[in-house]
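Enquirer: give me a model of this one.
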Amino acid sequence: MPEYPTLAAVDLGSNSFHLQVGRVEGEQLFYLDAHKEAVRLAAGLGEDKRLDAASQKRALDCLARFGERLQGMPAGAVRAVGTSALRVAKNSNEFLKQAKAALGFDIEIVAGREEARLIYLGVAHSLPLSSEPRLVVDIGGGSTECIIGVGYEPQERESLRMGCVVFSKRYFPDGRIDKAALKAAVTAARVEAQSVAKQFKRGHWAEAVGSSGTARALAELCQQAGLSDGAITADGLKWLREQAVKAGSSDRLDLPGLKPERKPVIVGGLAIMSALFEELKIESMQAAQGAMREGILWDLLGRVHDHDMRDVTVEQFMRRYHVDRRQAERVERFALHLFRAFQDSCPVAATQCLGWSAKLHEIGISIAHSGFHKHSAYILENADMPGFSRQDQMRLASLVRASRGSLAKLPVQPDEGLWPLILCLRLAVRLHQNRTEVGLPEWRLVCKGGDCQFQLPAGWLAANPLTQAALESEIKDWRGLAAPVRLAGLREL
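Expert: Here you go, the predicted model:
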């Protein structure tokens, strides 16, 4: 990737939206301006799991303001990431179209474990480097991430479906607080936390750290009340629960250090943190300044400096599923060569997607040889793939699913922009079915109005009847297909 002097991260959280801009100096980041708005996107999720009009308007207005700050920045220097509320919302795809127009940049949705990885990366870069394992807890608006890691490397990552906005709305409607509701919220959070308690319980880590707004708010409240020197403690949480019940309402919860925009969601976050302290046997927790937005920046910096986590993940998958590396390299090399011949300029993202697909298109053989491309696609769509967004995985799965077999029988039609990549990958697979290093002769791919002809030297096809049959079969697969590009014929040079 090209190098950029400035990078920007947009975190579309379920409670707040954040914009963080950083200046790049070699392999270091220096944070510049930051913007935050309490959008409370998750509060707009109805029982039908759809975002209501009001929450969408708040989000779009905020993104338009962020977009004004980002004007003029190249697409490769900006990464925008959506989290829990957008993972859950059934109308997230429609919203994302408007959100992209408002922001001016693509927006990715990441899985819970990928969100956890990015959170840990941001937290780790905000703290002194340590060889001791750390527990990082991030209570967001719609989900809570728990991570154990050493240095900059996360070792355990989990995402729990509970957040301060969701719990506040569910257990404290209209801001009403009573002892029974608070007990019910803590109990529900403990039940959720029990699923990860064994792997995250004290004994697996030496220090507990909290990130994002809930942790920082609770730490500030404990300090302002004289209950700690800035840490969250079990005694401090107990005192805060008592104060919340006494107040009877989030509006009347007047505590030193509690900001007005945090009031509507603080009790939901308090209940979740109390449950985690109990289930994970936490005694004290420091609040970190780093969070997901900083993690997005550091991850983006890694991509710029050829330390792309996605490349690491692809390599791990190749080892895990025992990929035939020589075959994968042959297919990748030829597919990329075709793609460069296909169009004058090859977008970096498309080139990467094609390369990764070529490397991973046979991972399904580890399940069964029959229909292995379907197994490959299923793995790519559903596996935990650090560095990849949900959209990234869907594109990879769609491309690999279309790499073999009937194009007319695809269960879901690929996005229009994927068809050139599908054409290149399918041809590469067809032309390397013998799985050898035998070189192909000089060839050309000539396209006019979406119809592509594959041209080979005179007499070569007649001398290679199996390849000729494979290519003719491929042409039949494309015939009558409503795609922006298609393989229409063979010609001799």
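
Enquirer: K281: how many residues sit nearby?
Expert: The number of residues packed near K281 is 14, by other Cβ atoms under 10 Å. From N, CA and C alone the C-beta is placed, and that goes for glycine too.

Enquirer: pretty sure it sits in a strand.
Expert: No: counting by DSSP: H, G, I helix; E, B strand; the rest coil, one finds K281 to be coil, located in no strand.

Enquirer: which residues touch it?
Expert: Contacts for K281 (Cβ atoms under 8 Å, 6 or more residues apart in numbering) come out as K201, R202.

Enquirer: roughly how far apart are it and A215?
Expert: Remark: distance between K281 and A215 (Cβ to Cβ, to the nearest Å) = 17 Å.

Enquirer: correct me if wrong: A328 contacts M318.
Expert: Yes: counting by Cβ atoms under 8 Å, A328 touches M318, with 7.0 Å between them.

Enquirer: looking at those two, which is more packed in?
Expert: It is A328, of A328 and M318, that has more neighbours when counted by other Cβ under 10 Å, with 20 against 17.

Enquirer: without its sequence neighbours, what residue ends up closest to that one?
Expert: Excluding its sequence neighbours, the residue lying closest to A328 (Cβ to Cβ, 6 or more residues apart in numbering) is K359, at 4.8 Å.

Enquirer: that neighbour and M318 touch, don't they?
Expert: Yes: between K359 and M318 there is a contact at 6.1 Å, judged by Cβ under 8 Å.

Enquirer: now do the shared contacts for these two.
Expert: With Cβ under 8 Å, 6+ apart as the test, K359 and M318 both reach A328.

Enquirer: quick check: which element contains L7?
Expert: Applying DSSP states H and E as the criterion places L7 in strand 6-12.

Enquirer: what's in contact with that strand?
Expert: The contact list for strand 6-12, computed with Cβ under 8 Å, 6+ apart, reads 17-24, 29, 32, 41, 59, 63, 66, 70, 73, 77-83, 86, 99, 103, 105, 107, 291-294, 296-297, 300-301, 304.

Enquirer: direction included, what does it pair up with?
Expert: strand 16-25 (antiparallel), strand 78-82 (parallel) (DSSP bridges).

Enquirer: now do that strand: distance to the chain's middle.
Expert: 14 Å (Cα atoms, centre = their mean, to the nearest Å).

Enquirer: ok, now stretch 329-344?
Expert: Per Cα atoms, centre = their mean, the centroid offset for stretch 329-344 relative to its chain is 27 Å.

Enquirer: sketch out the low-pLDDT regions of the protein for me.
Expert: Residue ranges of the chain with pLDDT under 70: 1-2, 344-345, 438.

Enquirer: those strands in it, which residues are they?
Expert: Taking DSSP state E, the strands of the chain run over residues 6-12, 16-25, 28-38, 78-82, 107-109, 134-139, 144-150, 153-160, 207-211, 232-233, 284-287, 444-448, 451-456, 486-492.

Enquirer: need the winner for burial among the ones you listed.
Expert: Of all these, strand 134-139 carries the top mean neighbour count, a mean of 27, counting by mean count of other Cβ atoms under 10 Å.

Enquirer: hey, C-alpha coordinates of it in CSV?
Expert: The C-alpha trace of strand 134-139 is given here as CSV (Å, rounded to 0.1, in the frame of the first residue of the first chain):
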residue,chain,number,x,y,z
ARG,A,134,-3.3,-8.4,30.8
LEU,A,135,-7.1,-8.7,31.0
VAL,A,136,-8.8,-5.9,28.9
VAL,A,137,-12.5,-5.3,29.3
ASP,A,138,-14.4,-3.0,27.0
ILE,A,139,-18.1,-2.4,27.8
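
Enquirer: who does it pair up with?
Expert: In the sheet, strand 134-139 lines up with strand 144-150 (antiparallel), strand 207-211 (parallel) (DSSP bridges).

Enquirer: now tabulate these in TSV and tack on distance to R430.
Expert: Conversion of the strands paired with strand 134-139 to TSV gives the following (distance: least, Cβ to Cβ, whole Å):
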stretch	distance to R430
strand 144-150	43
strand 207-211	49
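
Enquirer: so which of the ones you listed gets nearest Y120?
Expert: Nearest of the strands paired with strand 134-139 to Y120, taken as Cβ to Cβ: strand 144-150 at 4.4 Å.

Enquirer: what's the angle between the closest one and strand 153-160?
Expert: Counting by axes from the mean of the first three to the mean of the last three Cα atoms, to 10 degrees, strand 144-150 lies at 160 degrees to strand 153-160.

Enquirer: what are the contacting residues of strand 144-150?
Expert: Contacts of strand 144-150 with the rest of the structure, by Cβ under 8 Å, 6+ apart, involve 112, 115-117, 119-120, 124, 130-138, 154-160, 162-163, 196, 199-200, 204-205, 272, 276, 280.

Enquirer: burial count for the nearest residue to Q223 once chain neighbours are set aside?
Expert: Nearest in space to Q223, with sequence neighbours left out and distances taken as Cβ to Cβ, 6+ apart, is G230 at 4.7 Å. Counted by other Cβ under 10 Å, the residues lying close to G230 total 12.

Enquirer: how far does stretch 486-493 sit from the chain's center?
Expert: Per Cα atoms, centre = their mean, the centroid offset for stretch 486-493 relative to its chain is 39 Å.

Enquirer: nope, stretch 246-254 is what I meant
Expert: With Cα atoms, centre = their mean as the basis, stretch 246-254 stands 37 Å off its chain's centre.

Enquirer: count residues in the vicinity of the residue nearest to A328, would you?
Expert: Neighbour count of K359, defined by other Cβ under 10 Å: 20.

Enquirer: from Q316, how far out is it?
Expert: To Q316, K359 is 11 Å away according to Cβ to Cβ.

Enquirer: check C452 too.
Expert: Taking Cβ to Cβ, one finds C452 at 35 Å from Q316.

Enquirer: one more: L7?
Expert: 26 Å.

Enquirer: and D61, by the same measure?
Expert: 41 Å.

Enquirer: with L410 instead?
Expert: From L410 to Q316 the distance is 28 Å (Cβ to Cβ).

Enquirer: enumerate every residue touching the closest residue to A193 other than its chain neighbours.
Expert: Nearest residue to A193, sequence neighbours excluded (Cβ to Cβ, 6+ apart): E279, at 4.1 Å. For E279, the contacting residues are R190, A193, Q194, A197, K201, by Cβ under 8 Å, 6+ apart.

Enquirer: the residue positioned nearest the centre of the chain and V165, how far apart?
Expert: Nearest to the mean C-alpha position of the chain, counting by Cα atoms, centre = their mean, stands V110 at 2.4 Å. When distance is defined by Cβ to Cβ, V110 is 18 Å away from V165.

Enquirer: same check on I177?
Expert: Per Cβ to Cβ, I177 is found 16 Å from V165.

Enquirer: the two - which one has more neighbours?
Expert: When I177 and V165 are compared for neighbours, V165 comes out ahead with 28 against 24, by other Cβ under 10 Å.

Enquirer: so I422 versus L407, what's the distance?
Expert: Taking Cβ to Cβ, one finds I422 at 8 Å from L407.

Enquirer: show me which positions of stretch 461-470 end up buried.
Expert: L461, N464, T467, A470 (16 or more other Cβ atoms under 10 Å).

Enquirer: closest to I266 among those residues?
Expert: Closest approach between these and I266, by Cβ to Cβ: A470, at 64.2 Å.
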